[in-house]
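Asks: Structure, please.
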Amino acid sequence: MSASQVSPRSLHRLGIACGFAAGAWLGSAEAPMKLVAVGYSPFLISLGMVAGVFVARWTVPVMLKGTGYVLRDFRDKMHLILWAIMAGMCWAVANTLTVFAIRDVGLSIAFPLWNTNSLVGLFWGWLLFNELRGSPAQTWAKVLGGAAAIMAGAYLLAYATSTGATGQSHRATLGILAALGAGLLWGTMYIPYRKAYISGMNPLSFVTVFTFGELGTTFAMALLFDGGWQGLVAELGKARPALFWLFMGGFCWVIGDLFQQYAAKYVGIGRGIPLSNTNQLWGLAWGVLVFGELSGQSFTTKLLIIGGSLVMIAGAVAISFAEAPQSEQVSWKRAMARECERYGMDPRRVEATLEGSDPLSKEVAGGRRWWEMLLVAAAVAAFAWLAIGAQRPAIAVNVPWIAVLGVAILVCLFWCGRLLWRLTGFS
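Replies: The predicted structure follows:
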């Protein structure tokens, strides 16, 4: 099927598939953050992960589209550079907060709490980008019912945390606040996402500038809170055996974030983000099956955690399957027209991009540049160098379950990646 023949229903299904794939990879990306449990600084862990993110965010778009495509995409939409950097800054602070949350309440509990970002994204999507405008009562019921389920699930998990952390209620409270703060920042970060895509920007282009805001903010926080330059160098030296795992976490996050951005592009942030928040199921799987986080907890605590996660997932799925009717799509187009008028863009060209076409690919002449292979080679060399000095962390893990979950996320990658290529050519 060519891009020009993609139906709205096919694009909706593509967005849903991307949301599920995003959940798998985003959930797995947080597993290396368990290193905070062996004494590494949360700011160092965040910096190590973001460094891996920086490397991957440049190499993946280069491999799929090339530097000529990416540079041309930004040259046509210069106003989005600042928005991309701001989004990266929000992401960096939120990501650091998640490390504190994982340290204080664990991976399986922290995940659902920061996934309240879907409620924030839902609000911004309605307020700023006309999502749900013109929808019938049935669609509103699905979305609002799903939002209520997410809030109920978050409450169950917060209650389970407070009852299961005997003697550590203060620390558990800080973990809850850190997770909720991350959710607020991540939910707000989706404003630049959606602004970029209703302007016709390719997600592969957006992430390359996005990462400058991530790396700069994370590096500044590490310098500020880890004792300046000398303290940071000392922490990096101490963490050298673990940096490979943090880089791998960053790489997994980039794959998941790209799928999440395609979901936001094709079904909106009010639907795509809740669906990608099924990453909490993957976070629960890694936390329970691989790291044994619920061992020693009471039956009631386990029941609250698992039940709260399932309720939140049900709410996210209800929101995501509320397909946008034609009347709502008209409202989306009004938001697109507003952006086109504000920044002097061609509405027909932008609309074609939102419908799965990729007119820019036809305009970027020439093959691959020689330096693109150097970028990919440098990225591979960085991962290889870190792998040589890597050591197994002093954390008890279940290796067979690592293998099972690893195969599962690879299946998601190839299934959804093939679907994206077949329908849109990664537009």
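
Asks: for the record, mean pLDDT for the strand or helix carrying I191?
Replies: Using DSSP states H and E, I191 sits in helix 169-197. Averaging the model's pLDDT scores along helix 169-197 yields 88.

Asks: Show me what that helix is packed up against.
Replies: Packing contacts for helix 169-197, counted by 3 or more CB pairs under 8 Å, 6 or more residues apart in numbering; DSSP states H and E, involve helix 80-105, helix 107-114, helix 117-129, helix 137-164, helix 203-225, helix 243-267, helix 269-276. C-beta coordinates here come from the backbone N, C-alpha and C atoms, glycine included.

Asks: Deepest-packed of the ones you listed, please.
Replies: A comparison of those by mean neighbour count, using mean count of other CB atoms under 10 Å, puts helix 269-276 on top with a mean of 31.

Asks: now that helix and helix 117-129, what's the angle there?
Replies: 160 degrees (axes from the mean of the first three to the mean of the last three CA atoms, to 10 degrees).

Asks: In PDB, could you pull the C-alpha coordinates for whichever helix or strand comes after helix 269-276?
Replies: Secondary structure here is assigned by DSSP H and E; on that basis, the next helix or strand after helix 269-276 toward the C-terminus is helix 279-285. Presented in PDB, the C-alpha positions along helix 279-285 are these (Å, rounded to 0.1, in the frame of the first residue of the first chain):
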ATOM      1  CA  ASN A 279       4.900   0.300  29.700                       C
ATOM      2  CA  GLN A 280       3.800   0.000  33.300                       C
ATOM      3  CA  LEU A 281       3.000  -3.700  32.500                       C
ATOM      4  CA  TRP A 282       6.500  -4.200  31.200                       C
ATOM      5  CA  GLY A 283       7.900  -2.300  34.200                       C
ATOM      6  CA  LEU A 284       5.900  -4.600  36.500                       C
ATOM      7  CA  ALA A 285       7.200  -7.600  34.600                       C
END
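
Asks: Off-centre distance for helix 279-285?
Replies: Taking CA atoms, centre = their mean, to the nearest Å, one finds helix 279-285 lying 14 Å from the centre of the chain it belongs to.

Asks: I'd like the average pLDDT over it.
Replies: Taken as a whole, helix 279-285 carries a mean pLDDT of 81.

Asks: What is it packed up against?
Replies: Under the contact definition 3+ CB pairs under 8 Å, 6+ apart, helix 279-285 sits against helix 8-29, helix 107-114, helix 299-320, helix 399-424.

Asks: deepest of the ones you listed, which one?
Replies: Ranked by mean neighbour count, the helices and strands packed on helix 279-285 are led by helix 107-114 with a mean of 29 (mean count of other CB under 10 Å).

Asks: For V407, which of the helices and strands packed on helix 169-197 is the nearest?
Replies: Across those, V407 has its closest neighbour in helix 243-267 (14.1 Å, CB to CB).

Asks: could you check the angle helix 80-105 makes with the closest one?
Replies: Going by the same axes, to 10 degrees, helix 243-267 makes 120 degrees with helix 80-105.

Asks: the inter-axis angle of helix 243-267 versus helix 8-29?
Replies: 160 degrees.

Asks: any low-confidence regions in the chain?
Replies: Regions of the chain meeting the criterion pLDDT under 70 cover residues 1-5, 33-39, 108, 161-170, 365-367.

Asks: Pick out the residue closest to the middle of it.
Replies: Within the chain, the residue whose C-alpha comes closest to the C-alpha centroid is D257; the distance, by CA atoms, centre = their mean, is 3.7 Å.

Asks: how near is that residue to W91?
Replies: Computed with CB to CB, to the nearest Å, the distance linking D257 and W91 is 9 Å.

Asks: cool, A390 as well?
Replies: With CB to CB as the criterion, A390 and W91 are 25 Å apart.

Asks: same thing with M248?
Replies: In this view, M248 and W91 are 18 Å apart by CB to CB.

Asks: right, so of the helices and strands packed on helix 279-285, which gets closest to M201?
Replies: helix 399-424 (13.9 Å).

Asks: elements contacting the closest one?
Replies: Using 3+ CB pairs under 8 Å, 6+ apart as the contact criterion, the neighbours of helix 399-424 among helices and strands are helix 8-29, helix 243-267, helix 279-285.

Asks: and those as TSV, adding distance to S118?
Replies: Conversion of those to TSV gives the following (distance: least, CB to CB, whole Å):
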stretch	distance to S118
helix 8-29	11
helix 243-267	11
helix 279-285	10
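
Asks: Out of those helices, flag the one nearest I306.
Replies: The stretch from the helices and strands packed on helix 399-424 with the least distance to I306 (CB to CB) is helix 279-285; that distance is 7.4 Å.
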